[in-house]
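Colleague: build me a model:
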Amino acid sequence: MQNDTPKQAPTRKVNPQKFAMWFAIGSITLTFAGFTSAYLVRQGQGMWEAFEMPAIFYYSTIAILISSLTYLLGLKAFKKEQYGNYNIMMLLTLALGITFMVLQFMGFKELYAQNIRINGNVSNSFFFVIAGAHLLHILGGVVALIIVLIRNAVIAKEKRKVIGLEILGTYWHFIDILWLYLFIFLMMNR
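Modeller: Reported below is the predicted structural model:
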């Protein structure tokens, strides 16, 4: 006698942490889409003061883009169980993330010295809000990276899992790409 019950297709389970990260990325994307849309609408209304972006923001952009490369190399080393290389690359990523934040603060300080302030012209306010909100997201990534580095240093090698690094990597690369978009957007729409 043959079994006539149909076979069920295997179900694919989505990792809940990965799903949560993609949901967060969608929310962050919508937030910054709102910021940049409001920027363009307000710019079109006039009374907009153009200002030169300090050169230090170019250097911060280079630092954050290199950090994506070091993160990728660190993740690759982790997957190959080359923990020495992994530690070096992730510490470089951390240093570059912190460098980005320091350079951003230096750029804000330079703008402030030029009398370009958050409570000045509306164009100044938009710049500080957009760049500042991104800076907070980088800070979140730096804190998460520190936590992952400490966790992986304490856990025995055979119990280390790559999933946390992949999720953080998704966030880190997204925030880097977001800054590149914002930087180009702000340069083109002064």
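
Colleague: check the offset of the longest helix seen in the chain from the chain's centre.
Modeller: The longest helix of the chain (DSSP state H) is helix 122-154. Centroid separation between helix 122-154 and its chain, computed with CA atoms, centre = their mean, to the nearest Å, is 7 Å.

Colleague: go on, stretch 170-186?
Modeller: Relative to the chain's own centre, stretch 170-186 is displaced by 6 Å; criterion: CA atoms, centre = their mean.

Colleague: pull the CA atoms of it into PDB?
Modeller: The C-alpha trace of stretch 170-186 is given here as PDB (Å, rounded to 0.1, in the frame of the first residue of the first chain):
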ATOM      1  CA  THR A 170      25.200  43.900   8.300                       C
ATOM      2  CA  TYR A 171      24.600  46.900  10.600                       C
ATOM      3  CA  TRP A 172      28.200  48.200  10.300                       C
ATOM      4  CA  HIS A 173      28.200  48.100   6.500                       C
ATOM      5  CA  PHE A 174      24.700  49.700   6.300                       C
ATOM      6  CA  ILE A 175      25.800  52.600   8.500                       C
ATOM      7  CA  ASP A 176      28.900  53.100   6.400                       C
ATOM      8  CA  ILE A 177      26.900  53.100   3.200                       C
ATOM      9  CA  LEU A 178      24.400  55.400   4.900                       C
ATOM     10  CA  TRP A 179      27.100  57.900   5.700                       C
ATOM     11  CA  LEU A 180      28.400  57.800   2.100                       C
ATOM     12  CA  TYR A 181      24.900  58.500   0.900                       C
ATOM     13  CA  LEU A 182      24.500  61.400   3.400                       C
ATOM     14  CA  PHE A 183      27.900  62.800   2.600                       C
ATOM     15  CA  ILE A 184      27.200  62.900  -1.100                       C
ATOM     16  CA  PHE A 185      23.700  64.200  -0.500                       C
ATOM     17  CA  LEU A 186      25.000  67.100   1.700                       C
END
